[in-house]
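Enquirer: Sharing a model prediction with you, sequence too.
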Protein chains: 2
Amino acid sequence: MEKIDIIFLESSLETIPKEIKGSGKKTKTYNEILDINIHYKNMLKLRDFSKRGRPDIIHYSLLNILEKPFVTNGYVNVYMHVYDDRVYKFNNNIRIPKNYDRFKGLMAQLLKYNKVPPESEDPLSFLVSKNLNEFVKNRKILLLSENGEDFNVEGVINIAIKEGLTIGIGAFAHGDFKQEINKIAYKKARLYKGLKLKAWDITCAISSKLMEMGIF
Amino acid sequence: MEKIDIIFLESSLETIPKEIKGSGKKTKTYNEILDINIHYKNMLKLRDFSKRGRPDIIHYSLLNILEKPFVTNGYVNVYMHVYDDRVYKFNNNIRIPKNYDRFKGLMAQLLKYNKVPPESEDPLSFLVSKNLNEFVKNRKILLLSENGEDFNVEGVINIAIKEGLTIGIGAFAHGDFKQEINKIAYKKARLYKGLKLKAWDITCAISSKLMEMGIF
């Protein structure tokens, strides 16, 4: 059976940038992650700040796909592209932290060492590409975008399988994908006639359809 | 069109019980909610502690259903039964806090005043029944349970609509529903041949199917 790759794009995840360093207490690892709930005031001065500091978006999205049978059995692979353009893969057997602060702690470590746990031979997550261009080189991205051609969820999965496309889901709060990503897209698909949906809703729709298709 | 009611049962949500009061700092409202990530050691002495202190479960489940078109248009109503047996309804227009601590803060206020905001005439959430028996009086519950009859997701929705059943989803971590709930159930349905699923996964499956059925 053909495999499916899914990548979360522009995930709103990064460590606190140097422009606003020192503005918050960083006593615990999870406090090293930029979070609009904590750093709002200091974030206002950041470039495209409305797309940053929302680690909850990728957290909820991952909760809706990792640990599902089609991931643990290796049929679906899950990747995460982050704000600074690096791309990570999740181990198909990862159990993702349910607690938000623990998740942020794990992500802080991942962004620092490019691998968690840093010394592991079979890490929970690890760097696969220094930037998105490198990741996309031999791939075709099916970008889920409000500006795409109309598809239903099953159609998205079927075309991804048939043409070997990597499904791309934006994991940020507001606005469109950045220009480079729009350019990279091989095809754009919109679900539900372009209804505004959250990243974890789209993930949930794909996840449920994969379950329904019995891929487990 | 017939409406659908969904209730989260035995949601693992409560304020810190008096048995372990004083064991944690309660400087902020969100710290008033029992959370296994914070109170683990003190929870070990609590009765059925493995079903308690997981407010994240109801949070992720609500994130997968509230704010969807079928809720905001009034077609689906969402209820929450909590550990101490009270039942709350969510306003169909609620925007649920995405941040975990803010969610816990809101829930602490709800459990304290039975209404949030306490003075509102059109609250985000409010008490509808003092206990589950009172809530169930004129209802038939379709319990989603690993011990039920085989159904697919569409079948669950269709029978709920046809027979006017309230769909019940367990929102706790481990073990079966308590005896009273098993007794109350009018019918039990299991999804995916009884595969172990998290509350938010089941919610996601139902939510996605409602979207697919075009109820928005």
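Expert: Great, that's in hand. Being a predicted model, the structure only gives us computed values, none of them experimental. Numbering: from 1, shown residues only, chains lettered A, B, ... in the order given.

Enquirer: can we go C-alpha only for contacts and neighbour counts from here?
Expert: Fine.

Enquirer: what does chain A have sitting close to chain B?
Expert: Proximity of chain A to chain B (C-alpha under 8 Å from any C-alpha of the partner chain) is limited to residues A:37, A:56, A:60, A:64, A:98-100, A:200-201, A:204-205, A:208.

Enquirer: What remains of these if I keep only buried residues?
Expert: Neighbour-count burial (16 or more other C-alpha atoms under 10 Å in any protein chain shown) is assigned, among these, to A:56, A:60, A:64, A:98-100, A:200-201, A:204-205, A:208.

Enquirer: Beyond the helix or strand of chain A with the lowest mean pLDDT, next helix or strand please.
Expert: When each helix and strand of chain A is scored by mean pLDDT, DSSP states H and E, helix A:36-43 comes last, with a mean of 91. Downstream of helix A:36-43, the next assigned helix or strand under DSSP states H and E is helix A:55-63.

Enquirer: Dump that following helix to PDB, restricted to CA.
Expert: Extracted in PDB, the C-alpha atoms of helix A:55-63 (Å, rounded to 0.1, in the frame of the first residue of the first chain):
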ATOM      1  CA  PRO A  55       2.600  26.400  20.000                       C
ATOM      2  CA  ASP A  56      -0.900  25.300  21.000                       C
ATOM      3  CA  ILE A  57      -1.900  25.000  17.300                       C
ATOM      4  CA  ILE A  58       0.700  22.400  16.400                       C
ATOM      5  CA  HIS A  59       0.100  20.700  19.700                       C
ATOM      6  CA  TYR A  60      -3.700  20.200  19.100                       C
ATOM      7  CA  SER A  61      -3.000  19.200  15.500                       C
ATOM      8  CA  LEU A  62      -0.500  16.600  16.500                       C
ATOM      9  CA  LEU A  63      -2.900  15.300  19.200                       C
END
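
Enquirer: hang on, the earlier thing: mind checking how far the least confident helix or strand of chain A is from the chain centre?
Expert: Centroid separation for helix A:36-43 versus its chain: 21 Å, with C-alpha atoms, centre = their mean, to the nearest Å.

Enquirer: For that helix, buried residues please.
Expert: Burial within helix A:36-43, assessed by neighbour count using 16+ other C-alpha under 10 Å, is assigned to A:36, A:39, A:43.

Enquirer: For the helix or strand where A:G155 lies, buried residues please.
Expert: Applying DSSP H and E as the criterion places A:G155 in helix A:153-163. Neighbour counts using 16+ other C-alpha under 10 Å place A:153-154, A:156-157, A:160-161 of helix A:153-163 among the buried residues.

Enquirer: Skip ahead from that helix and say which helix or strand is next.
Expert: Next helix or strand after helix A:153-163 toward the C-terminus (DSSP H and E): strand A:166-170.

Enquirer: what about the helices in chain A?
Expert: Listed in chain order, the helices found in chain A under DSSP state H are A:36-43, A:55-63, A:69-72, A:100-113, A:132-136, A:153-163, A:179-184, A:199-212.

Enquirer: wait, which of the ones you listed is closest to B:G170?
Expert: Closest of the helices of chain A to B:G170 is helix A:55-63, at 17.5 Å (criterion: C-alpha to C-alpha).

Enquirer: residues in contact with that closest one?
Expert: The contact list for helix A:55-63 (C-alpha atoms under 8 Å, 6 or more residues apart in numbering or on different chains) reads A:8, A:11-13, A:33-35, A:96, A:98, A:100, A:103-104, A:171-173, A:199-201, A:203-204, B:60, B:98-99.

Enquirer: hmm, 6 Å instead?
Expert: Defining contact as C-alpha atoms under 6 Å, 6 or more residues apart in numbering or on different chains, one finds that helix A:55-63 is touched by A:12-13, A:171, A:200, A:203.

Enquirer: pLDDT averaged over that helix, what's the number?
Expert: Throughout helix A:55-63, pLDDT has a mean value of 98.

Enquirer: gap between that helix and the chain center?
Expert: Counting by C-alpha atoms, centre = their mean, helix A:55-63 comes out at 8 Å from the chain centroid.

Enquirer: Also stretch A:3-23?
Expert: On the basis of C-alpha atoms, centre = their mean, stretch A:3-23 sits 9 Å off its chain's mean C-alpha point.

Enquirer: pLDDT of the lengthiest strand in chain A, averaged?
Expert: Ordering each strand of chain A by length in residues (DSSP state E) puts strand A:141-150 first. Mean per-residue pLDDT for strand A:141-150: 96.

Enquirer: now the angle from it to strand A:166-170?
Expert: Calculated by axes from the mean of the first three to the mean of the last three C-alpha atoms, to 10 degrees, strand A:141-150 forms an angle of 70 degrees with strand A:166-170.
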